[in-house]
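J.: Need coordinates for the below:
(one chain, ligands or ions: 1)
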Amino acid sequence: MIENSTFLKDVNEGLSHHPKYLSSHYFYDKAGDELFQKIMEMPEYYLTNSELEIFKKQSEALIQSFDINPNEEFELIELGAGDGKKTKYLLKALLDRKFRFKYIPVDISQNTLSVITDKMENLFPDLQIDSRQGDYFQVLDELFISTKPKVILFIGSSLGNMQDEIAKGFLNKISKHLKQNEKLLLGVDLIKSEEIVLPAYHDSAGITRDFNFNLLHRINRELGADFKVEHFEHAPEYTETEGIAKSYLKSTKKQAVYIKELARSFEFDENELIHTEISRKYNDEILNNLLEGSQLEIKDKFLDSKEYFADYILEK
Ligand code: AVJ
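T.: You can find the predicted model right below:
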């Protein structure tokens with residue numbers, strides 16, 4: 001149980017730290033995956049529909065920007081396969097135009113990959129699909145042994161969960177793998193007003209609250225803790241000046257929580273916060289700062305009609 005001992009170590013580290021934090025990485029167990037699916041269907045969570053509109057209406061333009069040699073087979077690598085709801089429009093447009101390519105979804109979850117593979121095989125019997133399970137970087141190292149031209153997809157504003165320094169390192173690593181003219185399609189949420197962003201992380205049905213609470217339930221289930229979620233509050237924050245949505249769990253009273261697997265307890269003051277997630281929003285300037293030091297440059301930018309979300313084409 002390497003996975004669980006890492007979880008245990010990370011929980012111990014995060015809850016011993018001042019201020020307390022837990023990694024958003026741990027949201028995504030089975031219950032968390034299901035809650036995230038529900039989040040994407042909420043009226044307040046505009047991100048998914050905004051990017052979906054780009055894929056529905058502008059797939060042809062995206063493909064043009066990929067600038068692929070039609071005589072050569074290429075590989076379309078998707079980091080974080082998700083449910084394919086957006087990607088299927090791009091795949092259809094590529095197949096309709098008779099491009100020769102292999103679709104390679106990459107994900108840490110074998111279950112997610114099986115679902116996406118079945119779905120895409122059903123939709124597109126002619127699609128060549130070759131899924132890869134594992135950590136992005138390990139898989140990229142393996143995939144880049146082949147010299148076929150590549151386009152990488154990293155959509156859904158997944159980058160937004162990384163602190164800027166980490167995002168910078170991530171983009172730099174991708175840049176090192178890409179050859180001249182190869183593309184990264186990067187989908188990110190844009191900085192906009194608090195009235196629009198905050199409700200996406202503080203919905204009226206309380207689904208995002210449950211998503212955040214699931215982290216505590218998970219620690220209870222897997223590490224034998226006794227968190228009482230009724231003594232915590234979901235507390236998201238966002239200001240347009242900073243451009244980063246942050247989620248916290250706030251202890252509503254002074255309390256102690258015991259974690260059996262660690263054989264120790266953790267004290268919480270009234271109103272003490274556990275930081276659980278950042279969801280960064282971007283603009284050209286922020287992205288250009290992240291790209292500094294890598295060889296990637298912004299080639300194109302595609303927006304939805306409300307200009308909430310951007311799919312950038314980055315090229316080396
Ligand atoms: C999957 C990282 C894009 O930050 O908007 C949604 C995750 N967290 N609601 C985001 C999330 C709370 C989501 N990303």
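J.: What distance do you get for the residue of the stretch 201-316 of the chain found nearest the ligand to Y312?
T.: Ranked by CB to the nearest ligand atom, the top residue of the stretch 201-316 of the chain for proximity to the ligand is S279, at 3.2 Å. C-beta: built from backbone N, CA, C; applies to glycine. Remark: distance between S279 and Y312 (CB to CB, to the nearest Å) = 17 Å.
J.: go on, H275?
T.: 28 Å.
J.: can you check L22 too?
T.: Distance of L22 to Y312, computed by CB to CB: 30 Å.
J.: Quick check: which ranges of the chain have low pLDDT?
T.: Of all residues in the chain, those with pLDDT under 70 make up the ranges 1-3.
J.: residues from it in reach of the ligand?
T.: Neighbours of the ligand within the chain, by CB under 6 Å from any ligand atom: 39, 47, 156-158, 160-161, 201, 208, 211, 277, 279.
J.: cutoff 5 Å now
T.: Residues of the chain lying close to the ligand (CB under 5 Å from any ligand atom) are 39, 157, 161, 279.
J.: After whichever helix in the chain runs longest, which helix or strand is next?
T.: With residue count as the measure and DSSP state H as the assignment, the chain has helix 46-66 as its longest helix. Proceeding N to C from helix 46-66, the next assigned helix or strand is strand 74-79, under DSSP states H and E.
J.: That following strand pairs with which strands, and in what direction?
T.: Applying DSSP bridges, strand 74-79 is found paired with strand 101-107 (parallel), strand 150-154 (parallel).
J.: Columns mean neighbour count and distance to V11 on top of those strands, output as CSV?
T.: Below are the strands paired with strand 74-79 laid out as CSV (neighbours: other CB atoms under 10 Å; distance: least, CB to CB, whole Å):
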stretch, mean neighbour count, distance to V11
strand 101-107, 22, 24
strand 150-154, 23, 28
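J.: So how do I select the buried members of the residues of the chain next to the ligand in ChimeraX?
T.: Here the buried members of the residues of the chain next to the ligand are turned into a ChimeraX selection, burial being counted by 16 or more other CB atoms under 10 Å:
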select :39,157,161,279
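J.: ok, which pair from the residues of the chain next to the ligand is furthest apart?
T.: With CB to CB as the measure, no two of the residues of the chain next to the ligand lie farther apart than I39 and N161, at 13.5 Å.
J.: picking up where we left off before, same drill for H275 and Y312, tell me which one is more crowded.
T.: Y312 (22 against 19; other CB atoms under 10 Å).
J.: How about the contacts made by that one?
T.: When contacts are counted by CB atoms under 8 Å, 6 or more residues apart in numbering, Y312 touches 185-188, 287, 298, 300-302.
J.: For A245, give me its contacts.
T.: 197-198, 200-201, 236-238, 278-281.
J.: out of these, which is most surrounded?
T.: When neighbours are counted by other CB under 10 Å, V197 leads those with 26 neighbours.
J.: Surely it is in a helix?
T.: Yes. Under DSSP: H, G, I helix; E, B strand; the rest coil, V197 sits within a helix.
J.: That one - nearest residue in space that isn't next to it in sequence?
T.: Excluding its sequence neighbours, the residue lying closest to V197 (CB to CB, 6 or more residues apart in numbering) is Y238, at 4.9 Å.
J.: isn't that neighbour right up against Y201?
T.: Yes. At 7.0 Å, Y238 counts as touching Y201 under the criterion of CB atoms under 8 Å.
J.: So I298 lies in a strand, does it not?
T.: Yes. Per three-state DSSP, I298 lies within a strand segment.
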